[in-house]
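1. Compute the structure for the input listed below.
(chains A and B)
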Amino acid sequence: MSLEALLPSAIDGLMLGFVYGLAAMGLTLIFGVMKVINLSHGPVIALGMFAVFLLFSSFGINPYVGVLAAAAIGLLFGTVIYFVAVDRVINAPELTTLLATFSVNLMIIGVGTVLFTTSPRSVDIDLGALRGSGVTILGTHAVAVVIAVLAAAALYGFLFRTRVGKQVRAVANNRAAAELMGIDSRRMLALAFGIGTALAMTSGALLSTLFAFTILSGGTYELKSFVIVVLGGLGNPTGALVGGLVIGLLEGVLTVFIPVAWVPVFEYLIFLVMLQLRPAGLLGSRA
Amino acid sequence: MIKVRVPFLPFVLLVIALVAALPIVTNNPSLREELFLVLMLVTLASSVNMIMGYTGYVSFGHIVFFGIGGYIAFWLMLTFNTHFLLAAIASAIPAALMAALIGIPILRLRGAYFALSTVGINEAMKTFMTNFEPFGGALGMFFNFSIYTQYGGAREAAFLAYYTMTVVALATITTSYFVRRSKFGLSLMAIREDQDVAMVVGIDPARAKVIAYVISAFFPALAGATFFFKNGIIEPGHAFDLLRSIESLVMVVLGGIGTVAGPIVGAALYEWLRGFLITNATFANLQLALAGLLLLVTVLFVTAGLVGSLRNRFPRLRAYIQ
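-> As a prediction, the model looks like this:
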């Protein structure tokens, strides 16, 4: 492979990294606040894709308005998932919450397969492209990056600048102490699950404007989110964004040198090594 | 009044052996196929129960050992025309060794970090096999039918696979029983309840956990070798199927985590239910969603599973049902 391919591929990977990072932020937020690994993450990403697709193909709604709608639906849907599947077992050992969220995964995939089948769909939009010397940036990719950055900024604004956001962080830090300060921790947990789901759906919504997808597509991104979250440190949203960029860049660079199919092997090896050596993530303190 | 106490293990083994003999006696091949699958699931669920139920380590990607066993045995049979039984044993030993090698580092991790590691190992293995040309890469490997001639034909080979799976399932249950009743099993349960306290009373958690992990890897490898021998084709997606891995955890939870009988009951129940849902016209498409609903209800309301709930409700049963 030529080195001329390296720069465009790296840029493309880096841009995708923002969207990966956004999904991973959702996963890591939920883990950070309530120590739950959300196994319904993948199907939720797929639901984000379908939200945009359905609004676009049935009502002709602009896909980027669809992204906003996906975020809103995600917030609501995540809250519902929390009260149905997680609330009752929030203090149970991790196996219980893993299986509870996995049951939601099965239900979404089960119903989704019936409604949407598993044939591939795509959202047709073309925003042109920016062309530089040897580098082409598709408009859809550029817009996806901008929206992903805005969504991440909104999350930070919420968590660090608003009263409710501070309450969420307080619950994440120490639930008992937060309750003693008069915070309704249950509402905060539900809200955090909603936001985490909204981030995942937003990411899925953005991905639908880039690639073709099926109801099962979320699985790939769920595993990618795991890798990214571990890379950035479980429970650390900034880490997840950085991890997303690292994985995106890595994919972009590696595909130039080795066959595409080998790339995930490296991703999972990095994942395992990170869990062993730096479980607190790249940004975390040394284990 | 004379109390007749039915010994648990011989009773369970006898029941399973009798049920397994049913399709042979009645000469019913479709029942044999069904029971083959159930026996395999019993093996997988009982195995994962030893590390998850007894020791408290959620091995989410436990199917990796099933896949490795299947791949090594398949490759041996295909390349060297090794006899199936020899290949199965030859595949279970490296799988157990691998469990020891990866178990030493990852069993140091606790909770979610361990669970995620096992997923990572399974996915790394799957993607590796997808690229590993000596084992057929993404397309996998398949048998020519002539390979079955040394067993007297495809039909006889299917019987051999069935008998083997029965023996493997019985061996797994026996092992599970003796582990649970032994001092070693007690040390595992002590680790599950509180690893630090376990250390204080003189248990070496690292050693005990790795041994438990190795035992729980051995039988799935045998099951994988047997399954893919009968299947005649092996490919990465099927061998390292994360969904099947999670399903085996579901069976354990359904039947009763940490009990000997739980995984057996759970596997049989789960497979029966799936069979029912798939053949039922109204539910066929929704079978995944209904399985999810059943799992959610179990996780939320019947935490101890069927066997566990029975034992909790009727304490006298504890003498009979392990």
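
2. now the helices for the stretch 101-250 of chain A?
-> A:139-161, A:163-173, A:175-180, A:185-208, A:218-232, A:237-257 (DSSP state H, counting those that start in this stretch).

3. hmm, I was thinking of chain B
-> B:8-25, B:29-49, B:63-80, B:84-106, B:112-131, B:154-181, B:183-193, B:195-200, B:205-231, B:236-239, B:242-255, B:261-279, B:287-301, B:305-313 (DSSP state H).

4. now the ones you listed in JSON lines, with mean pLDDT?
-> As requested, those are exported to JSON lines (pLDDT from 0 to 100):
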{"stretch": "helix B:8-25", "mean pLDDT": "90"}
{"stretch": "helix B:29-49", "mean pLDDT": "94"}
{"stretch": "helix B:63-80", "mean pLDDT": "95"}
{"stretch": "helix B:84-106", "mean pLDDT": "95"}
{"stretch": "helix B:112-131", "mean pLDDT": "92"}
{"stretch": "helix B:154-181", "mean pLDDT": "94"}
{"stretch": "helix B:183-193", "mean pLDDT": "93"}
{"stretch": "helix B:195-200", "mean pLDDT": "91"}
{"stretch": "helix B:205-231", "mean pLDDT": "95"}
{"stretch": "helix B:236-239", "mean pLDDT": "93"}
{"stretch": "helix B:242-255", "mean pLDDT": "90"}
{"stretch": "helix B:261-279", "mean pLDDT": "89"}
{"stretch": "helix B:287-301", "mean pLDDT": "88"}
{"stretch": "helix B:305-313", "mean pLDDT": "84"}
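
5. Dump the ones you listed into JSON lines; add distance to residue A:259 and mean neighbour count as well.
-> For every residue, glycine as well, the C-beta is placed using N, CA and C. Formatted as JSON lines, the helices of chain B follow (distance: least, C-beta to C-beta, whole Å; neighbours: other C-beta atoms under 10 Å in any protein chain shown):
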{"stretch": "helix B:8-25", "distance to residue A:259": "45", "mean neighbour count": "14"}
{"stretch": "helix B:29-49", "distance to residue A:259": "33", "mean neighbour count": "23"}
{"stretch": "helix B:63-80", "distance to residue A:259": "21", "mean neighbour count": "25"}
{"stretch": "helix B:84-106", "distance to residue A:259": "25", "mean neighbour count": "19"}
{"stretch": "helix B:112-131", "distance to residue A:259": "7", "mean neighbour count": "22"}
{"stretch": "helix B:154-181", "distance to residue A:259": "35", "mean neighbour count": "19"}
{"stretch": "helix B:183-193", "distance to residue A:259": "43", "mean neighbour count": "18"}
{"stretch": "helix B:195-200", "distance to residue A:259": "43", "mean neighbour count": "14"}
{"stretch": "helix B:205-231", "distance to residue A:259": "26", "mean neighbour count": "25"}
{"stretch": "helix B:236-239", "distance to residue A:259": "15", "mean neighbour count": "20"}
{"stretch": "helix B:242-255", "distance to residue A:259": "23", "mean neighbour count": "24"}
{"stretch": "helix B:261-279", "distance to residue A:259": "37", "mean neighbour count": "21"}
{"stretch": "helix B:287-301", "distance to residue A:259": "33", "mean neighbour count": "20"}
{"stretch": "helix B:305-313", "distance to residue A:259": "45", "mean neighbour count": "19"}
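
6. Could you dump those helices into JSON lines and include distance to chain A?
-> Listed next are the helices of chain B as JSON lines, based on distance: least, C-beta to the nearest C-beta, whole Å:
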{"stretch": "helix B:8-25", "distance to chain A": "25"}
{"stretch": "helix B:29-49", "distance to chain A": "11"}
{"stretch": "helix B:63-80", "distance to chain A": "12"}
{"stretch": "helix B:84-106", "distance to chain A": "5"}
{"stretch": "helix B:112-131", "distance to chain A": "4"}
{"stretch": "helix B:154-181", "distance to chain A": "18"}
{"stretch": "helix B:183-193", "distance to chain A": "10"}
{"stretch": "helix B:195-200", "distance to chain A": "13"}
{"stretch": "helix B:205-231", "distance to chain A": "15"}
{"stretch": "helix B:236-239", "distance to chain A": "11"}
{"stretch": "helix B:242-255", "distance to chain A": "6"}
{"stretch": "helix B:261-279", "distance to chain A": "10"}
{"stretch": "helix B:287-301", "distance to chain A": "3"}
{"stretch": "helix B:305-313", "distance to chain A": "11"}
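
7. For those helices, could you give me CSV that also reports distance to residue A:12?
-> What follows is the helices of chain B, written out as CSV (distance: least, C-beta to C-beta, whole Å):
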stretch, distance to residue A:12
helix B:8-25, 56
helix B:29-49, 40
helix B:63-80, 32
helix B:84-106, 34
helix B:112-131, 21
helix B:154-181, 48
helix B:183-193, 47
helix B:195-200, 46
helix B:205-231, 39
helix B:236-239, 27
helix B:242-255, 28
helix B:261-279, 42
helix B:287-301, 35
helix B:305-313, 48
